[in-house]
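Sharing a sequence plus its predicted fold:
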Amino acid sequence: MKRLWVGAGLLLGMLALPQVAMAAGGATTQLFLNGKPLAAEVPPRIISGNTLVPVRIIAENLGAKVGWDDRTKQVTVTSGATKLVLTIDKPEVAVGDKTEQLEVAPTIVEGNTMLPVRFVAEKLGLKVTWDELTRSVFLYKKSSGTAAADSGANGGTSGAGGSAAAGAGAAGSTGANAGAGTAGGTAAGGASAGVAHAAEPDPDSKPGIVQAIDFTGDRLTIKTNGVTTKPNLFHLSGPERLVLDVPYAVLDEALKAKLNGTVGEIAVQHPLAQKIRFSNYSSDPPTARIIIDLKGRAELVPVEAKQLQPGQFAYDLKLAKYLVVIDAGHGGKDSGAISVTGKMEKTFNLAMATKVSELLRKEPLIEVQMTRSDDTFVELDDRVAFANTRNADLFLSIHGNKYTASSTGTETYYYRDESLDFAKTIHKHLVPATGFADRGVRQEPFRVVKGTTMPGILVEVGYLSNKNDEKKMFDEAFQNQVAASLVAGIKDYLNIQ
Amino acid sequence: MMQKSTIRVLLAGAAIATVLAGCGARDKAPAAQPQVAPSVAHSSGNAGSSAEPQAPQSKPQAPQPKTASVHTYFGDENGTGLVVKQTTITYASDSDKYGAALKALQHPGDSKAVSLFDGFTFKSVKLESGKLYLDLKLDDQARTGSEAEELTLQALQKTLFQFPEVAEIYVTVDGAKVDSLMGHMDLPYPIKRSQ
Ligand SMILES: [Zn+2]
């Protein structure tokens, strides 16, 4: 019998074929672990009211070992003393030495082995809830020890207590916790994976109480009786909203009285927020939820605990900045093209990238990072990874061109279709600024525009092999003018005034 | 809008299209079939006879150099496409044929074609059971802009893959593998025919 252990990563590549699976209603179902979204390239599927998730989720996030037997089409899930054997297309599951029935059999969907998440997670000792409001499945991992809950009662007034609890939680945990650290996904500020997990309270203790939700100025303040831990903060899009889950807490009677059905509303007057909603969205485990419905891109920045009363949590609602990565081509041992007067392309690229970055730093809505800010060599793949791992919003690579002495003009390159609009917008601003011939927006598989996952383009400002182009390209005023045009193009594309 | 590089074929003989079609270098939508337009042949050799490189009947045991008619690839004037020509190369033994074809890429012969290999030294060129090992040296003047690097890689592949016995190209620079020849394009190791 051939057995491959998924935990060892052997089978994952085969199972994790990218695809987009949609829930029956058309909206994507999201999966959360302890309030944090699980990043899965294959979204969960709903079949006859049961949510099926790719086996990868189980293996990576729930800490179970997953094995696959190709001959018998059986999936073995092992965690501690728990062993489940599921068979593709069969509703019978072996749980230890007993057999149980599933409502929906495991299945293979476009190459992905999909398992019923509630059944498997509950057998592994997790709590599972379904939230109709957001069409989300929430998984809760219980951690050992009440020390974490006690430290939570300090309400963040003691930073030392919080980190001590995190340590205790990790020490007392089984291998099942290993996945939690990687499950952070897009969780915003405040919801540090390790702490949030370790602070999961003992389900047998009395839930905390959310006493008041206040929004004044830019600040959202949540008043609790001090029994609850730090809320889990995450971002959902389509439509844009920020969600705060207060773990192991319920709304107090005054707030409950304001519920219209299950959801209450707070009207707000704010340029970034439409309204605030709140609910007791889950009773098992009890969790109070606060949602800010946004008008656009925004983030919640946690307020330091020492500025607050015990039991209070506060966040300032701010515009979310765009992250723009500026890539100066070549560098270090790679000089790039040598100009007609012997100057190096890498020098031109760095001068331009530095000027562009300095201008972008003055923009309140833009954060800028450079793949290199001095004369160092960076591999093409590292430039790509730099932008991708930071989840940048835009990528701009700056180069100087070389061909024949008579070649002249400005070119903008893109590769992926999603980058075309960005390329066109930049080119529209860049060409008049250089004053060179317009050599067009072109598609080529250059590494940095091919590998980046956000709109990414490469500009060839002008020809270093051309006397006229080159002279201007090393002129300070010309460089400033071109840098300003690239910034104008970025702002134009991002719709920033 | 997207501009595809064009390939101008300055040579008669429809058989060329077959050779070119087998070695599309573009890592994107399939390139348009090259247009085969009758034009002036670069060499006075066997233009139009056959696209396959061929050595004229060599007299057995005769130590005199062999010749073959091969396709050579250059940048066009605009720097957005390739120009293909037919060139007669001369070489001492079969193992020297590939180096001779590569060196021909440095001699475009007319002002409408641009050598993409100025500043290149083909330090060693060896074929071992279908694997062509090519070690390069690049002078300062060899490094071009992004589009010209793309054309350079295309020209290299089209030149070497016209020989049916070449299955893969293993390019090194000064004896070492590099991620990229000039800092814009990937340099696969090896370059396969499908790439
Ligand atoms: Zn460059």
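Cool, got the structure. Numbering: from 1, shown residues only, chains lettered A, B, ... in the order given.

what's the closest non-adjacent residue to A:Tyr281?
A:Arg289 (4.1 Å; CB to CB, 6 or more residues apart in numbering or on different chains). No exception for glycine: its C-beta is placed from N, CA and C like everyone else's.

Give the helix, strand or coil label for that neighbour.
The assignment at A:Arg289 comes out as strand when based on DSSP: H, G, I helix; E, B strand; the rest coil.

so what's it up against?
By CB atoms under 8 Å, 6 or more residues apart in numbering or on different chains, A:Arg289 lies in contact with A:243-246, A:278-282.

now do 10 Å
A:35, A:131, A:133-134, A:210, A:231-232, A:243-246, A:249, A:251, A:263, A:277-282 (CB atoms under 10 Å, 6 or more residues apart in numbering or on different chains).

what's the answer for A:Glu240, then?
By CB under 10 Å, 6+ apart, A:Glu240 lies in contact with A:272, A:274, A:292-298, A:320.

which among those residues end up buried?
A:272, A:292, A:294, A:297-298, A:320 (16 or more other CB atoms under 10 Å in any protein chain shown).

now, among these, which is nearest to chain B?
The shortest separation between chain B and any of those is 30.3 Å, and it belongs to A:Arg297 (by CB to the nearest CB).

Can you get me a residue count around A:Ala267?
Other residues within reach of A:Ala267 by the criterion other CB atoms under 10 Å in any protein chain shown amount to 8.

I'd like to know how far it sits from A:Lys223.
The spacing between A:Ala267 and A:Lys223, counted by CB to CB, to the nearest Å, is 19 Å.

if we can go back for a sec, mind giving me TSV with the buried ones among the contacts of A:Glu240 and columns for secondary structure?
Shown next, in TSV, are these (three-state DSSP):
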residue	secondary structure
A:Leu272	coil
A:Ile292	strand
A:Leu294	strand
A:Arg297	coil
A:Ala298	strand
A:Ala320	coil
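
same for the ion: which of the residues you listed are within range?
Taking CB under 5 Å from the ion as the test, the ion is in contact with none of the buried ones among the contacts of A:Glu240.

and the residue nearest to A:Ala484 when sequence neighbours are not counted, what does it touch?
When the adjacent residues along the chain are set aside, A:Ala484 lies closest to A:Leu359, with 6.5 Å between them (CB to CB, 6+ apart). A:Leu359 makes contacts with A:366, A:368, A:480, A:483-484, A:486-488, A:490-491, as judged by CB under 10 Å, 6+ apart.

For A:Leu359, what are phi and psi?
Backbone torsions of A:Leu359, given as degrees, to the nearest 10, read phi -70, psi -40.

contacting residues for the residue of chain B found nearest chain A?
In chain B, the residue that lies nearest chain A is B:Gly145 (3.5 Å; CB to the nearest CB). Residues counted as contacts of B:Gly145 (CB under 10 Å, 6+ apart) are A:329, A:336-337, A:345, A:399-403, A:407, A:411, A:460, A:462-465, B:79, B:151, B:182, B:184.

Which residue is the nearest non-sequential neighbour of the residue of chain A found nearest chain B?
Nearest residue of chain A to chain B (CB to the nearest CB) works out as A:Asn401 at 3.5 Å. Leaving out its chain neighbours, the residue that sits closest to A:Asn401 by CB to CB, 6+ apart is B:Gly145, at 3.5 Å.

So the one you found versus the ion, what's the distance?
When CB to the ion, to the nearest Å is applied, the distance between B:Gly145 and the ion equals 6 Å.

Local confidence estimate at that residue?
The per-residue pLDDT reported for B:Gly145 equals 98.

Quick check: closest non-adjacent residue to the one residue in the stretch 301-450 of chain A that gets nearest to the ion.
Taking CB to the ion, the ion has its nearest neighbour within the stretch 301-450 of chain A at A:His399, 3.6 Å off. With CB to CB, 6+ apart as the measure, A:Gly329 is the residue that lies nearest to A:His399, at 4.1 Å, once sequence neighbours are left out.

for chain B, what are the nearby residues on the stretch 1-150 of chain A?
Residues of the stretch 1-150 of chain A lying near chain B by CB under 10 Å from any CB of the partner chain: none.

Mark which of the contacts of A:Arg289 are part of helices, please.
Taking DSSP state H, every one of those sits outside helices.

Would you list the buried entries among those?
Members of the contacts of A:Arg289 that pass the buried threshold by neighbour count (16+ other CB under 10 Å) are listed as A:35, A:131, A:134, A:210, A:231-232, A:243-246, A:249, A:251, A:277-282.

Just the ones of the residues you listed in strands?
A:131, A:210, A:232, A:243-246, A:249, A:251, A:277-282 (DSSP state E).
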